[in-house]
Structures are given as structure tokens and as C-alpha cells.
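Colleague: show me the folded form of this:
(one chain, ligands or ions: 1)
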Amino acid sequence: MNLNRRHFFLGTAVAARVASGQDVSSRVGTGVIGTGGRGSHLLRGVLEQPNAKVVALCDIKPDRLDKAASTAAKDNPTTYTDWRRVIERKDVEAVYIATPPHLHSEMAIAALKAGKHVYCEKPIGVTAAQVRELVAVARATNRVFVPGQQMRSYKQLGEAVRKIREGVIGEVIMVKAQRHATADLAHDGSSGDWYFDVTKGGGYLIEQSVHNLDLCNWVIGAHPVRACGFGGILMYKNDPPGRTIFDCGSITYEYPGGVKMSFTQNVFHPRGMPNGNQYVYVYGTKGAVDLISAMTMYPLGSGGTPTVLATKQEESQHAHIAAFYESVTKGAKLPADITIGATAALTSILGHEAMVRERVVTWKELGVEL
Ligand SMILES: NC(=O)c1ccc[n+]([C@@H]2O[C@H](COP(=O)([O-])OP(=O)(O)OC[C@H]3O[C@@H](n4cnc5c(N)ncnc54)[C@H](O)[C@@H]3O)[C@@H](O)[C@H]2O)c1
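Modeller: Predicted coordinates for the structure are as follows:
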């Protein structure tokens with residue numbers, strides 16, 4: 001082992017590469033597990049990275065695996081239908097997990113225990129128990145772990161959030177947000193075999209709104225302490241047959257200091273409705289911000305002029321993937337880590353539990369120490 005001073009300061013990920021006899025300037029051997037819609041997108045992102053090499057691909061559906069192998073032909077990866085074969089490979093240093101949500105924690109835990117760095121799609125778990133176990137292993141193994149909360153890598157959003165956190169609208173005291181879809185996910189689409197089963201996908205709040213809830217946590221600077229709410233299936237009753245996920249819901253979260261957050265979701269928001277189907281309005285003691293679309297701050301009282309907090313910046317659609325490799329190869333700080341991934345998942349699980357149990361559920365009841 002040749003751990004020199006420079007490598008020590010570069011961080012544990014780089015030290016791990018050196019310790020395993022890896023040339024730190026070599027391309028990071030990468031495996032992708034789950035090559036469906038999201039996995040294919042991630043694969044294209046990995047192929048763009050100069051410091052990555054795709055050595056293994058895995059999916060249980062042969063057509064998707066073949067398509068992914070063609071996409072990655074320049075790296076000539078081996079294909080597998082059993083994900084455990086991917087993490088057994090010595091030359092796989094980093095693993096992407098883009099399978100249905102209920103499989104994430106088991107796969108991520110096995111990969112971390114095998115010494116791999118992990119990019120795990122959101123939500124990192126669909127139950128508090130899955131999140132708890134993954135957090136414990138991620139902390140114990142000390143490998144690079146990035147959740148697929150890629151909004152954390154959006155520069156324009158990051159700048160607006162930073163200004164709000166620095167006090168541009170005073171103290172943040174309330175957030176009103178929604179994630180409405182203009183249609184239900186295609187019932188016969190590529191994810192139809194798991195998406196409508198609450199035990200596999202977690203439901204709309206956990207599977208989709210986890211992004212929006214992460215943004216709310218980010219801008220408030222905390223996670224909620226309790227939640228209450230109601231959900232139901234009001235439009236797509238038994239459609240598709242056996243459906244167990246809600247098609248709408250309304251949840252109220254309370255944060256430290258009594259900060260309030262109100263969140264709604266549905267899958268029947270007409271495309272032409274004004275103000276868009278998704279927004280995050282952040283209210284402070286001095287004004288409010290429309291965070292998702294305009295990133296504009298509106299001061300309280302009369303006479304104030306609206307100010308744009310952050311303008312569009314040149315950025316790669318694969319910035320989150322690039323940041324993952326920067327951390328693996330140079331020990332760079334991550335835009336999102338296990339704590340952020342776990343907090344986002346648990347916030348959505350908290351809201352889901354409140355809707356299912358039809359009572360106030362506290363963060364403490366989830367039983368996960370972060
Ligand atoms: N970060 C984002 O913005 C974003 C966007 C879309 C999806 N996602 C997430 O990515 C994940 C996958 O979503 P998707 O839309 O790609 O779904 P998908 O159904 O298109 O793809 C999932 C793939 O996993 C494969 N799979 C299932 N079980 C497997 C197993 N045991 N071993 C190997 N492969 C297996 C399926 O065959 C399928 O090809 C979900 O967690 C979803 O929430 C994230």
C-alpha cells in the first residue's frame with residue numbers, strides 16, 4: 001500500500017483506490033444495474049465521463065440489456081442478468097443502481113459491503129427500515145454514496161437556495177409546493193410492472209415527489225418533525241387493475257420552529273392550467289420566492305420591486321454524474337450524500353405514512369438516526 005500525504009488529504013475514496021492497487025489516474029470501472037428508462041439515461045451520462053469506463057451492465061429484461069450494450073459498445077461491457085455477478089467483479093469500482101425502488105437498499109448495501117462506490121437512484125428506500133439499514137452500512141463502509149437527487153447539482157437552483165438561506169427573504173416560515181402530473185404514468189408503459197404497486201414503487205409521493213420534497217428541505221434548511229395528510233384513489237379506481245398507489249393527496253408538514261409546508265400531488269392536472277403543474281413557493285418574513293420557474297423574489301409590502309435571484313447558467317445535464325466521479329477520483333465534496341438521500345426518502349415516507357395511517361406521524365416514529 002502506498003498511501004502518501006497527498007492521497008490522505010484527497011480523502012478516503014482516493015485512498016481506497018490506492019489501497020486496492022488501483023492507478024488513481026485510471027478510468028473508474030463502472031457497472032450499471034437496471035438499464036430501463038433511467039438506467040439508460042445514466043449510462044449515456046457515464047459514457048460521457050472521461051474518467052469512467054463501463055465494464056458491466058445488468059438487467060433482467062434481455063431487450064433492455066441488449067440496447068444498453070449497444071449504447072456502451074465503445075467500452076465493450078459484459079452483460080449480466082444477475083446483479084450479484086456485477087458487484088463480485090474486482091474491476092467494478094462504482095455501481096449505478098436504477099432498478100425499481102424497493103430493490104435499491106438491498107443492492108446498494110451489498111455493493112457498499114463489497115467495497116464499491118454507489119450512485120443509487122432515488123428514493124434510496126421505500127420504507128423507513130430500508131433507509132435505516134442503508135444509512136448504517138453507508139456510514140460504516142465509508143465509500144462514496146450519491147443518491148439520484150440530481151437537483152442538488154443544478155447551479156441556478158443552488159444559487160437561489162443559497163440566497164434564500166442567507167436571508168434574502170428574511171426567515172423562511174412557510175412553503176407551499178405541489179407536484180401535479182398532467183397524466184397518470186402509462187399503464188402499459190415500460191415501468192407498468194412495478195410503478196402501480198405501492199410495495200415496489202412506494203407511491204407517487206415517495207417515487208416522484210421525493211425530488212420536490214428534497215428541494216423543500218433544502219430551502220428550509222431542515223427536515224420535518226411531523227406530518228398529517230390524506231390521500232386516495234379518486235380518478236383511477238382499480239386502474240390499472242390491482243392499483244395500490246394513490247392518484248392524489250394533500251399533506252401538511254411541520255418543521256422545527258413551527259415552519260409550515262403544504263404539499264399536494266395529483267395525476268390529473270390539465271396541461272394548459274396557468275402557473276404550471278409544479279411549483280415551490282417559499283415565504284419569508286420579508287418576501288416570497290417562486291423557486292422552480294421564475295426564481296424571482298417578491299418583497300412584502302407595497303413599492304418593492306421583484307428581483308430575479310438566479311439566472312440560467314450553462315450546465316451539463318450530467319453534472320451529478322460528473323460530481324460522483326470527482327468524488328471517487330479526487331475526493332471532491334459531494335452535492336448530495338447519504339444524509340441528503342435518506343432525509344429526502346424519509347420526508348416522503350413520513351408524508352405517505354401520515355396519509356395511510358390517517359393521523360399525525362412524527363419523524364421520531366420513523367426510527368432513523370441521521
Ligand atoms: N433521478 C431521476 O430524475 C429519475 C428519473 C426517472 C426514474 N428514476 C428512478 O430510477 C429508478 C428506475 O426507474 P425507471 O423509470 O428507469 O424504471 P424502468 O422500469 O424503466 O427501469 C427499471 C429497470 O430495472 C430492471 N430490473 C428490475 N429488477 C431487476 C433486477 N432484480 N436486477 C436487474 N435489473 C432489474 C427492469 O427490468 C427495468 O429495465 C426508479 O427508482 C426511479 O424512481 C429517477
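
Colleague: which residues touch the residue of the stretch 251-370 of the chain found nearest the ligand?
Modeller: Closest residue of the stretch 251-370 of the chain to the ligand, C-beta to the nearest ligand atom: H320 (8.4 Å). In this view, the C-beta of every residue, glycine as well, is placed from N, C-alpha and C. By C-beta atoms under 8 Å, 6 or more residues apart in numbering, the residues touching H320 are V146, G148, Q150, R152, S153, P335, A336.

Colleague: so which of these are also by the ligand?
Modeller: Counting by C-beta under 6 Å from any ligand atom, G148, Q150 from the contacts of H320 sit close to the ligand.

Colleague: residue boundaries of the strands in the stretch 201-350 of the chain?
Modeller: 226-232, 248-254, 260-266, 278-284, 287-290, 296-299, 307-308 (DSSP state E, counting those that start in this stretch).

Colleague: in CSV: the ones you listed, plus distance to the ligand and mean neighbour count.
Modeller: Converted to CSV, the strands of the stretch 201-350 of the chain look like this (distance: least, C-beta to the nearest ligand atom, whole Å; neighbours: other C-beta atoms under 10 Å):
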stretch, distance to the ligand, mean neighbour count
strand 226-232, 18, 19
strand 248-254, 18, 21
strand 260-266, 15, 21
strand 278-284, 13, 20
strand 287-290, 22, 21
strand 296-299, 25, 18
strand 307-308, 25, 12
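
Colleague: let's have the ones you listed in JSON lines, adding mean pLDDT.
Modeller: Compiled in JSON lines, those are given as follows (pLDDT from 0 to 100):
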{"stretch": "strand 226-232", "mean pLDDT": "98"}
{"stretch": "strand 248-254", "mean pLDDT": "98"}
{"stretch": "strand 260-266", "mean pLDDT": "98"}
{"stretch": "strand 278-284", "mean pLDDT": "97"}
{"stretch": "strand 287-290", "mean pLDDT": "96"}
{"stretch": "strand 296-299", "mean pLDDT": "96"}
{"stretch": "strand 307-308", "mean pLDDT": "95"}
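
Colleague: can you put the ones you listed in TSV and add distance to V198?
Modeller: Below are the strands of the stretch 201-350 of the chain laid out as TSV (distance: least, C-beta to C-beta, whole Å):
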stretch	distance to V198
strand 226-232	11
strand 248-254	12
strand 260-266	14
strand 278-284	22
strand 287-290	32
strand 296-299	37
strand 307-308	40
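
Colleague: quick one, which of those strands is nearest to A186?
Modeller: strand 260-266 (16.9 Å; C-beta to C-beta).

Colleague: from the contacts of H320, which single one is nearest A342?
Modeller: Taking those together and measuring to A342 by C-beta to C-beta, the closest member is A336, at 10.5 Å.

Colleague: chain neighbours aside, what residue packs nearest to that closest one?
Modeller: R152 (4.0 Å; C-beta to C-beta, 6 or more residues apart in numbering).

Colleague: also L366?
Modeller: Nearest one to L366, counting by C-beta to C-beta, 6+ apart, is A128 at 4.2 Å.

Colleague: is it true that the one you found touches T347?
Modeller: No. In terms of C-beta atoms under 8 Å, A128 does not count as a neighbour of T347; the distance is 11.3 Å.
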